[in-house]
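Undergrad: Fold the following for me, if possible:
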Amino acid sequence: MNYPVLVRVCARCIREKINPGHMQKIISAYFGADAAAFILQNHAQAAVDPKAFILDHSLLLQKKKLISIKLFGSFKMIVDSTELGENEWKTRKICGILKYILANPDKTVSRETLSTLFWPESDSKAAFTS
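TA: Numbers count the residues shown, from 1 in each chain. I've put the predicted structure just below:
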């Protein structure tokens, strides 16, 4: 996908009043609702410098989060600046599964392995639905 061309074409269509609502939906799908609102008001700027528009409104850049995980001692996960301790998970087993997967980064973990480890008392069908 050539994003600068996409932005330039959408901005020009909005300027020329060629289906601006549809162009806004396209921009919203790739860059978010804020970008779609922005391009309606600033279509000339977006048409001239689409790369700047992309940098300012890229969802990919906005979605990057810093994740830090502590496995030794008490378990702790920090996403950006929000700390999630062991007691903040919906269930202890969800936290346990995450810790197991993180502790075995080079190993492919199957559902069968997880069901045997975390639901040893259940039959395989019941464990899979848990």
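
Undergrad: Can you show me the helices along this structure?
TA: With DSSP state H, the ranges of helices along the chain come out as 3-15, 20-31, 33-41, 43-48, 50-57, 59-63, 92-103, 111-118, 124-129.

Undergrad: just checking, what packs against the third one?
TA: When contacts are defined as 3 or more CB pairs under 8 Å, 6 or more residues apart in numbering; DSSP states H and E, helix 33-41 packs onto helix 3-15, helix 20-31, helix 50-57. (Glycine included, C-beta is placed from N, CA and C.)

Undergrad: let's see 10 Å
TA: Contact partners of helix 33-41 among helices and strands, from 3 or more CB pairs under 10 Å, 6 or more residues apart in numbering; DSSP states H and E: helix 3-15, helix 20-31, helix 43-48, helix 50-57, helix 59-63.

Undergrad: now that helix and helix 3-15, what's the angle there?
TA: Relative orientation of helix 33-41 and helix 3-15, computed by axes from the mean of the first three to the mean of the last three CA atoms, to 10 degrees: 50 degrees.

Undergrad: Can you list the buried residues in helix 33-41?
TA: Residues of helix 33-41 classed as buried under the neighbour-count rule (16 or more other CB atoms under 10 Å) are 35, 36, 38, 39, 40.

Undergrad: List the contacts of that helix.
TA: Residues outside helix 33-41 that contact it (CB atoms under 10 Å, 6 or more residues apart in numbering) are 7, 10-11, 14, 20-21, 23-32, 45-47, 50, 53-54, 56-59, 62.

Undergrad: again, only using 8 Å
TA: 7, 10-11, 14, 20, 23-25, 27-28, 46, 53, 56-57 (CB atoms under 8 Å, 6 or more residues apart in numbering).

Undergrad: Going through those, which ones are buried?
TA: Neighbour counting by 16+ other CB under 10 Å classes 7, 10, 11, 14, 20, 23, 24, 27, 46, 53, 57 among the contacts of helix 33-41 as buried.
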